[in-house]
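A.B. asks: Here is my input, please return the structure:
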Amino acid sequence: MSENTKIVLETSLQVFFFDHLQEFNKKSITPLTNETIYYSSIVMNNFSESSRLFEQVENKSREKLLGIKLLESSQYSKEKQKSILKDIAETSLFVCGFFADSLNKKIIDQKYYEDLGKIAYQRLNAFSPSYYDIPSFYNKMARHFSDVTLLMSLVSKKYSADSDPAMPWLIVQNRKVS
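C.D. replies: Numbers count the residues shown, from 1 in each chain. Now for the predicted structure:
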């Protein structure tokens, strides 16, 4: 093992993500709710299986076509729409958070995924107006989408190969809350 190798001992990956999201959230001038952090850690845990980022078409893996899925979602039953919208929202959240830097090198950029995620969360709210006993939970996820992805990207950067462990973190968000 090299001297830069980090060994992390944790009871579960979801707990690991929760702890680190919470760590950065506490440094925020306007922290997110614990429910938002908890939900975000579940999303990160779910996407720890890379297969969740892709779909199978004709026995081949490809990136999910989230924009097309969003357009087509309205033609399905309510339960199927709910499932599709949740997948679009969560995939967008994870991609914008964990792979934000790589999106800057693509034609379809972070703003595109962010817009898709926000729209999907807003539509999902119509099907599930409360979650964790919080009214309009998914609308709140849409409003705080950028804040959540910022926290996720900080966790990603903290454990990237080229991160500086001595780097101090100050989180300042340009949040417009209505």
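A.B. asks: And the least confident helix or strand in the chain by mean pLDDT, what does it pack against?
C.D. replies: Among the secondary structure pieces of the chain, namely its helices and strands, helix 100-103 has the lowest mean (mean pLDDT, DSSP states H and E), a mean of 73. The criterion is 3 or more Cβ pairs under 8 Å, 6 or more residues apart in numbering; DSSP states H and E, and the helices and strands that helix 100-103 contacts are helix 110-127, helix 145-158. Yep, even glycine has a C-beta here, placed from its N, CA and C like the rest.
A.B. asks: If we use 7 Å, what do you get?
C.D. replies: Taking 3 or more Cβ pairs under 7 Å, 6 or more residues apart in numbering; DSSP states H and E as the contact definition, the neighbouring helices and strands of helix 100-103 are helix 110-127.
A.B. asks: Run through who's touching the helix or strand hosting Ser61.
C.D. replies: In this structure, Ser61 sits in strand 60-63 according to DSSP states H and E. Residues from elsewhere that reach strand 60-63, judged by Cβ atoms under 7 Å, 6 or more residues apart in numbering: 54-55.
A.B. asks: Packing partners of the helix or strand following that strand?
C.D. replies: Elements were assigned by DSSP H and E; along the chain past strand 60-63, the next helix or strand is helix 66-72. Under the contact definition 3+ Cβ pairs under 7 Å, 6+ apart, helix 66-72 sits against helix 78-98, helix 110-127.
A.B. asks: Lys157: which of those helices is closest?
C.D. replies: Lys157 lies closest to helix 78-98 among the helices and strands packed on helix 66-72, at 9.8 Å (Cβ to Cβ).
A.B. asks: could you give me the average pLDDT of the closest one?
C.D. replies: Per-residue pLDDT values over helix 78-98 give a mean of 95.
A.B. asks: If we ignore the residues flanking it in sequence, what's nearest Val43?
C.D. replies: Across the structure, with Cβ to Cβ, 6 or more residues apart in numbering as the measure, the residue nearest Val43 apart from its sequence neighbours is Glu90 (4.9 Å).
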